[in-house]
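[1] Sequence and predicted structure are below.
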Amino acid sequence: MQLSEQALLRAYRQMKLIREFEERIQREIMLGQIPGFTHVYSGQEANAVGVCEHLSDKDYIISTHRGHGHCIAKGCDVKDMMKELFGSSEGLCKGRGGSMHVADISKGMLGANGIVGGGPPISVGAALACKLRGDGGVSVSFSGDGSTNQGTTFEAMNMAVVLEAPQVFVFEDNGYAENTGASFSTGCEDIASRQASFGFPVFSADGTDFFDVYDKAGQAIEHARAGNGPAGVYTKVDRFYGHFVGDPMGYRAKGETEYLKEHKDCLKNFRARTLGAELLKAEQLDAIDEDVMTEIEASVAASREAPRHDGSLVEEDVYVSYA
Amino acid sequence: MQLSEQALLRAYRQMKLIREFEERIQREIMLGQIPGFTHVYSGQEANAVGVCEHLSDKDYIISTHRGHGHCIAKGCDVKDMMKELFGSSEGLCKGRGGSMHVADISKGMLGANGIVGGGPPISVGAALACKLRGDGGVSVSFSGDGSTNQGTTFEAMNMAVVLEAPQVFVFEDNGYAENTGASFSTGCEDIASRQASFGFPVFSADGTDFFDVYDKAGQAIEHARAGNGPAGVYTKVDRFYGHFVGDPMGYRAKGETEYLKEHKDCLKNFRARTLGAELLKAEQLDAIDEDVMTEIEASVAASREAPRHDGSLVEEDVYVSYA
Amino acid sequence: MPVKTMRDALNEALFHEFERDPTVFAIGEDIAGGRGGTGELDCTGGVFGVTRGLLTKFGEDRVLDTPISESAIVGAASGAALAGMRPVAEIMFSSFIGVCMDQIINQMAKFRYMFGGKSKCPVVVRFVCGAGMSAAAQHSHTNYQMMTSVPGLKVVVPSNAYDAKGLLIRAIRDDDPVLFFEHVMLFQSECEVPDEAYEIPFGEAAMPREGDDATVVAFGNMVNVCAAAIDALENKGITCDLIDPRTTSPLDEETILESVEATGRLVVVDESPPRCGLTADIAAMVAQKAFTALKAPIQQVTAPHTPVPFAPELERAYLPDAGKVQAAIEATLA
Amino acid sequence: MPVKTMRDALNEALFHEFERDPTVFAIGEDIAGGRGGTGELDCTGGVFGVTRGLLTKFGEDRVLDTPISESAIVGAASGAALAGMRPVAEIMFSSFIGVCMDQIINQMAKFRYMFGGKSKCPVVVRFVCGAGMSAAAQHSHTNYQMMTSVPGLKVVVPSNAYDAKGLLIRAIRDDDPVLFFEHVMLFQSECEVPDEAYEIPFGEAAMPREGDDATVVAFGNMVNVCAAAIDALENKGITCDLIDPRTTSPLDEETILESVEATGRLVVVDESPPRCGLTADIAAMVAQKAFTALKAPIQQVTAPHTPVPFAPELERAYLPDAGKVQAAIEATLA
Ligand SMILES: Cc1ncc(C[n+]2csc(CCOP(=O)(O)OP(=O)(O)O)c2C)c(N)n1
Ligand SMILES: Cc1ncc(C[n+]2csc(CCOP(=O)(O)OP(=O)(O)O)c2C)c(N)n1
Ligand SMILES: [Mg+2]
Ligand SMILES: [Mg+2]
C-alpha cells in the first residue's frame, strides 16, 4: 500500500503524539499529579496507528487497560484525555473513568477496559451493529498476548465467525502479561495460528514497523469490510516499560528495556525508513516533533489548571434516567 | 490394542447397561416417575465406555448435563443412580442432585454438570492433584460439540498445556447442541484441529465404533499418564433422541433418528464386529443382554419402592460444618 | 379482553417492538432454533418459546442464534447497544448468569458512569428464573436479588402476563441496561392482555390486594403465592396490602412506606436464600424510613440458606408457600 | 509481640500452612512472577506481595503461576479440592470475580449439596477488594456482600493484620469453600502479630470498642473508619459497641443481637452500594429478631448506588468516612 506524503506525516504525528503523551504522564505520575493505576503504551505506537489509520468515525475500536495509544489513534482529544487522567471534571469522561476507562463514543472509541478480555465480545457487538445497518463500518478489538488466553476472547472469535461479523481482532504480543512471559502463558506453538484455527485469516506483522502493521491491518480490515467475516492481526512488539508506571520489573533482564528503546523503536524505525527512501524530509518530522511537544505541554498545563470535582456529583451519570 | 475376551464382554456389558438405563428412564419419565430435565446418552455409549475402560478409581472424570453414560462407565452404582433420578433419599446423591448432578467422588466421578463448559476447568484441577501427588492418575473431561465454544473450555485447554496437567479432553460431537447444529455453531473448519492448535495432540475417532474410540482414547490417556501434558479425543457420533426427554425435534429431518438407530448403533456395530471376527459368541452377548435387563428392571423396582424425602432435611449437606 | 399466557404476552411484546423499531434485534442460544440442523428453522423460539416466530417474520439479520458462549452474547449485545442498536439478549436460565457475569456487572452496568455520562447502553437481557420444576441447583435460581445490588442496572421481575408484556415493551424502549427475569412457573399463567402495545413504567409497584392489617411485599411468582395466602386469611378477618414492586431496581419505596405507615406491620417474601437479598433490602429500608410506624418485628419469608434441591419434596420444602406466608402474617399480628 | 503489616501476616499464614500440610498449594496469576521472563523468578508474589517467597521455598509444583484465565484458575482449584488437595487460589482483584463467577457460585459452592453431602471442597480463594486507590469502577469493588448471599460459601473479611493471619490459617484448614477478601487499603496496616500459627474461628465477631449508647457493625476497612468515628464521639460522652463480624458467612448474629438488646440502637456500615448488601442484611435480621429492643430507626451507612468513581474527590465522596458514621450515630441517638 502506497501512502501519500500527507498520510505519512499524519501517521508519524499520531505515533509521536502517543509517545510523548506516555512519556509525559510518567513524569506527572511521579509528581503525584495523576492518581490510580496507569499503563503506558510506549514502544507499541505503530500498532494503534497502523490499524486506526484505516478507520473512520463510523468504525469502532475497543481497547484494554493499556488504552491511551488506541484512544489517541482513534481520534480522542488529547487535552481532554489528559484532563481525564488528572481527574478533572472537564476530562473526556468527566473524571469518572480515568486511565483505564477513557472512551469517546462519538469517535467510535468504545473505551479502554479494565478487564482483560472484556473488550472482544463488546467489539463483536459493535461489528454486528455495523452489519445490521449495512453502513460498511467495521469494529476492531485490541488485546494483548495475555488476553489471548481469556475465555471471553475465544468466545468472541468463534461467535464473530459464526455471525459473520465485520470484526477485526488485533493481538499485540509484547511478550509479557504483567510479570509473566507470553512464552509461558500461551501453551500453543504460536498465537497467530491458534487464533486462525477459529476460522478466520490472521495477518502477522512486525509491531515495531509501522509499514508492516499498516499493510497487514489494511488487509484484515479490507477482508472484514468486504463482508467476509472477521479477520485477525497478530503483531510481535515490545513494551518499553513495566506493566504499570512504578513496576520494578524484576522479571526482565537488566538492560532489556534500554536495549529495546535503542533498537526496537517504531518511531526511529519510521524516521529511518522514510528519510532513507526520501519519502519525507528531516525538517518535516522535526517540525512535527516540536508541534507535538507543544501540544502535550499545553494539555498538561491545561490539566493542572482544570477544575477538580468537589464530590457533589458522585451520583450523576449512572443511568440515563432512573425510573 | 488387543482386548481379552473378558475385557470385550465387560465393555459390551457397560455399553448395554447404559443403553438400557437410558431407554428405561425415558419410559419412567413418561410415566411421571422421574422429575426434572433429563438428557439421555443413547447412541453415544461407545464413547464413555471406550474411554473409561482405560481408567481406574484413582483416575477422575467429569461429565455434562448428559451424564448417565459417563457415570455408569466410571463405575457409579446403577441402582443408586436410578434412585437418584427418582428423587429418593437413598439415591446416589440423596436425591439432592438428580440427573444433572449425579456424582460419586469415591469412584473418581466428579459429577454430571448442569453448566455447559463447567467441567473442563474442574477436571484440570483434579489432574493437577494427580500430578502433585505423583500417583499416576489422570483426569478426563467429557464435553459436547456445543461446549467446545464456551470460553471456560478454551481456558482449561490452554491452562492444562501450560501447567502440564495429566488431563484428557474428550469432545463428543453428536452434531447438535440443543436445537442448533454443530456446523452452524462452530466457526472453525474442524473442531479437532482447532482444539489441537492449543498445543496438544487430539486423536479423532468414530464415536459409533467402540474399538476406534478405545484405541484413540488409549493413546490420549497414555500420553497424559506418561507426563506429556494433556491430550484430546474427538469423536463424531450421533444422538439417537432429542436434546432432553420430551424434545419435539423439529430441527431434525423426519426419520433421522430412526435411520441412526438402524445404521449407527454402536451396540449393533460391536456385536457385528466381535461375532464376525469370532471374538465372542452370540450366546455370550445374549446372556449379557438378559442380565442387564434384569439389573435395570431391579433398579427401577427398587427405586419405586425407595423412600422419598419428607422435606425435613432440606438444609442438610450444604457445609461440612457451618461455623 | 383476550386471555393470554405470559409466554404469549412476552412474544407479542417482542413482535410489537421489532415492528416499531428497526434497531431492535434478538440474540441468544436457540432463540430461533434449527440453524445447522436437518429440519425446520425457527422451530424453537427459546426453551420456553418466547421468541418463536421472530426469525420467520423479521429474518436472520435480526434474530441471531449463537454458539453456547454467554459472555460473547451479552458482550455483543451491550457493544451493539453502545453502537446505537437496541438488542434483546436471551440467557436461557438466570442460573447461567455466572458464566457472563463480568459483562453484566462490570461492563454494561458501568459504561455510562465510567464514560462520564456520554454513552448509553439500551440493552435488555432476558432470563428464565426460579424454582419449581425439579431442575435442581444449577437451573433454579432467582439471581435478581444479586443484580439489584449492582448500580447501573435496572431489574424487572414480572408476576403475571399483563405486567410482563408492558414491562418488556418498556424495557426495550429504556435507554439503560435492563435485566428481565421471567419466572419458570409463570409461562403458562394466564390473564387478560390487550392486543396492542402498552408500557408499564419502572419503579411503580402494583397492589393486587388491599387491606388494613399488614403489608406484604413479594416478587415474581411469590406474588401469586402471597395472594393465595392473603385470600385464605380473609375469612379469619385479616386483610393485607399486597405489594408487587415489579421492578426491584428502581424500587417504588413510596408505595411500600405508605402502606407500612398505614398497617404498621411488614412481611417480605422472596424465594431466594435469606442472606443479602430483597427481603432484607426492603426490611432494612423500612426499619430506617418508617421505623416509628412499625408495631411488630418485620417478618422475612425466604428460601433456606441452601442451593435448590432436586427431589420434589425437598424443593417444596425449599420454596416459601402459602402456609409459610400465612404463618408470617399471623406472627406479625400476634 | 512483633508488629507486622497485614501483607506480612498473610504471607506468614501461607508459609505456616504450606509447611504443615503438603496438600496445600497456590494457584493464580503472577503469584510468583517471572515465569517465561528474562529476569528473576518469584519476583512478584502477587500484586501486593502476599505470596512472595513461596515458590522459592516450596517449588514450582506447589506454586502455580497461570495464564490470565480466572475461570480455569478457580475451576482448577475446586477440582483439585474435590480430588483431595487444599488449594489457595488468588484472583487479583475481587472486581474480576464476574469473569469466574459460575465456578464460584454454581460449582464450588454447590458440589457438596448436589452430591448429597458425599464430597468436600476445601478451597480458599483470595481476593483484593475495596476502594480508596483511585483504581476506578473495574478494580475497586467489595463483592463480599454478593458472595454472602450464596449458600455453600464461607466469606471472610478481615479488618486488621492479626485477624487476617488467624482467619487465613483457619480458612485453609476449613473443609468448605472459603472466599477471603483482603482490603486494598489494609496491606500496609500494622498491628501486633504473633510469629506462630494460630486460628481465629469463623462466625465469631470481634468487638474492638465497647460502649453503651449504640451498636455499630462494620466490615473490613470500615471497621477502622468506624473506630475513629467512635473514638471522636467519646468526648461528647457517646460510647458505642463496635462489632467486626470478621466472617459475613457464617455470621455471628448472637453478638450483634446481644449488643442491640443492650444499646437499643443500631448503625450498620459498609462501603458497598446500598441495595441488597450487608447493611440491609444485618438491619433486617435485627428488625426481625431484636425488634422490641430497638429505640430508634436503624441507620445504614453505605456507598451510594453508583459504580466507584476515579477522581479522588469523587471516590472520597463515594466512601463512607468517619464524618458520615458519626452523623449516623448521632441520628440514631437524636
Ligand atoms: C480479568 C482480569 N484478570 C486480570 C487482570 C489484571 N491484569 C491487568 S493487565 C494484565 C496483563 C495483561 O497482559 P496483556 O494482555 O499481554 O496486555 P499488556 O499489559 O501486555 O498490554 C493483567 C493480568 C485484569 N485486569 N482483568
Ligand atoms: C452455560 C450454559 N449455557 C446453556 C446451557 C443450556 N444447555 C444445556 S445443554 C446445551 C447444549 C449442549 O450441547 P453439547 O455440548 O453439544 O452437548 P449435547 O447436549 O449434545 O450432549 C445447552 C445450550 C447450559 N446448561 N449452560
Ligand atoms: Mg502483553
Ligand atoms: Mg452436542
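    Thanks, I have it. Ligands and ions are numbered 1, 2, ... in the order given.

[2] now the strands: where do they sit in the stretch 101-250 of chain C?
    C:124-129, C:154-156, C:178-183, C:190-192, C:206-209, C:214-218, C:240-244, C:247-249 (DSSP state E, counting those that start in this stretch).

[3] could you dump those strands to JSON lines with mean pLDDT and mean neighbour count?
    Glycine gets a C-beta too; all of them are placed from N, C-alpha and C. As requested, the strands of the stretch 101-250 of chain C are exported to JSON lines (pLDDT from 0 to 100; neighbours: other CB atoms under 10 Å in any protein chain shown):
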{"stretch": "strand C:124-129", "mean pLDDT": "98", "mean neighbour count": "26"}
{"stretch": "strand C:154-156", "mean pLDDT": "98", "mean neighbour count": "26"}
{"stretch": "strand C:178-183", "mean pLDDT": "98", "mean neighbour count": "27"}
{"stretch": "strand C:190-192", "mean pLDDT": "98", "mean neighbour count": "14"}
{"stretch": "strand C:206-209", "mean pLDDT": "98", "mean neighbour count": "17"}
{"stretch": "strand C:214-218", "mean pLDDT": "98", "mean neighbour count": "30"}
{"stretch": "strand C:240-244", "mean pLDDT": "98", "mean neighbour count": "27"}
{"stretch": "strand C:247-249", "mean pLDDT": "98", "mean neighbour count": "27"}
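
[4] Is the longest helix seen in chain A in proximity to ligand 1?
    Looking across chain A with DSSP state H, the single longest helix is helix A:5-30. No - judged by CB under 6 Å from any ligand atom, helix A:5-30 makes no contact with ligand 1; its nearest approach is 12.5 Å.

[5] ok, the helix or strand that that helix is followed by near ligand 3 or not?
    Next helix or strand after helix A:5-30 toward the C-terminus (DSSP states H and E): helix A:45-52. No - Helix A:45-52 lies apart from ligand 3 when judged by CB under 5 Å from the ion; the minimum separation is 11.5 Å.

[6] continuing past helix A:45-52, what's the next helix or strand?
    strand A:60-62.

[7] Can you list the neighbours in contact with that next one?
    A:51-52, A:55, A:70, A:74, A:108-111, A:113, A:119-120, A:122-123, A:126-127, A:130, A:137-142, C:79, C:83 (CB atoms under 8 Å, 6 or more residues apart in numbering or on different chains).

[8] Next up, identify which helix or strand the closest residue to residue C:149 other than its chain neighbours is on.
    Using CB to CB, 6 or more residues apart in numbering or on different chains and skipping residues adjacent in sequence, the residue nearest residue C:149 is residue D:276, 4.1 Å away. Under DSSP H and E, no helix or strand contains residue D:276.

[9] Residue A:72 too?
    Using DSSP H and E, residue A:72 falls in helix A:68-73.

[10] Averaged pLDDT, that helix. What do you get?
    Averaged across helix A:68-73, pLDDT comes to 98.

[11] ok, so what distance separates residue A:20 from residue B:80?
    70 Å (CB to CB, to the nearest Å).

[12] Now do the longest helix of chain A: which elements does it pack against?
    Where contact means 3 or more CB pairs under 8 Å, 6 or more residues apart in numbering or on different chains; DSSP states H and E, helix A:5-30 is packed against helix A:45-52, helix A:68-73, helix A:78-86, helix A:210-225, helix A:266-276, helix A:282-305.

[13] want to try JSON lines for these, with mean neighbour count and distance to chain B as columns?
    Output for the helices and strands packed on helix A:5-30, formatted as JSON lines (neighbours: other CB atoms under 10 Å in any protein chain shown; distance: least, CB to the nearest CB, whole Å):
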{"stretch": "helix A:45-52", "mean neighbour count": "29", "distance to chain B": "22"}
{"stretch": "helix A:68-73", "mean neighbour count": "29", "distance to chain B": "23"}
{"stretch": "helix A:78-86", "mean neighbour count": "25", "distance to chain B": "31"}
{"stretch": "helix A:210-225", "mean neighbour count": "22", "distance to chain B": "14"}
{"stretch": "helix A:266-276", "mean neighbour count": "17", "distance to chain B": "29"}
{"stretch": "helix A:282-305", "mean neighbour count": "16", "distance to chain B": "39"}
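
[14] Between these, which one is closest to chain C.
    Closest approach to chain C among these is made by helix A:78-86 (8.1 Å; CB to the nearest CB).

[15] Give me the contact list for the closest one.
    With CB under 8 Å, 6+ apart, helix A:78-86 has contacts from A:17, A:21, A:25, A:28, A:33-34, A:38, A:68, A:71-72, A:90-93, A:95, A:97-99, A:102, A:104, A:295-296, A:298-300, A:302-304, A:306.

[16] what are the C-alpha coordinates of it, in CSV please?
    Taking C-alpha atoms only, helix A:78-86 is exported to CSV below (Å, rounded to 0.1, in the frame of the first residue of the first chain):
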residue,chain,number,x,y,z
VAL,A,78,-5.5,14.6,23.8
LYS,A,79,-6.2,17.5,26.1
ASP,A,80,-9.5,16.0,27.2
MET,A,81,-7.7,12.7,27.8
MET,A,82,-5.0,14.4,29.8
LYS,A,83,-7.6,16.1,31.9
GLU,A,84,-9.3,12.8,32.4
LEU,A,85,-6.1,11.2,33.7
PHE,A,86,-5.7,14.2,36.1
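
[17] tilt between it and helix A:282-305?
    40 degrees (axes from the mean of the first three to the mean of the last three CA atoms, to 10 degrees).

[18] what mean pLDDT would you report for helix A:78-86?
    98.

[19] Distance-wise, check residue A:263 relative to ligand 4.
    Distance of residue A:263 to ligand 4, computed by CB to the ion, to the nearest Å: 51 Å.

[20] Can you report how many residues lie near that residue?
    Residue A:263 has 11 neighbours, counted by other CB atoms under 10 Å in any protein chain shown.

[21] go on, residue C:254?
    Neighbours around residue C:254, by other CB under 10 Å: 11.

[22] What of residue C:312?
    With other CB under 10 Å as criterion, residue C:312 counts 19.

[23] tell me which element the closest residue to ligand 4 within the stretch 1-150 of chain C is part of?
    The stretch 1-150 of chain C approaches ligand 4 most closely through residue C:68 (9.6 Å), counting by CB to the ion. For residue C:68, there is no host helix or strand (DSSP H and E).

[24] Assess the claim that it and residue B:147 are in contact.
    Yes - Residue C:68 lies in contact with residue B:147 (CB atoms under 8 Å); the separation is 6.4 Å.

[25] Show me whatever sits in contact with both of these two.
    B:116-117, B:177.

[26] List just the nearest of those residues to residue A:181.
    residue B:117 (27.5 Å; CB to CB).

[27] What sits closest to the closest one if chain neighbours are left out?
    residue B:150 (2.9 Å).

[28] Contacts only, for the one you found.
    Neighbours of residue B:150 in contact, by CB under 8 Å, 6+ apart: A:151, A:155, B:116-117, C:68-70, C:99.

[29] Could I get these in CSV, plus columns for pLDDT and secondary structure?
    Formatted as CSV, the contacts of residue B:150 follow (pLDDT from 0 to 100; DSSP: H, G, I helix; E, B strand; the rest coil):
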residue, pLDDT, secondary structure
A:151, 98, helix
A:155, 98, helix
B:116, 98, coil
B:117, 98, coil
C:68, 98, coil
C:69, 98, coil
C:70, 98, helix
C:99, 98, helix
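
[30] Sounds good, over and out.
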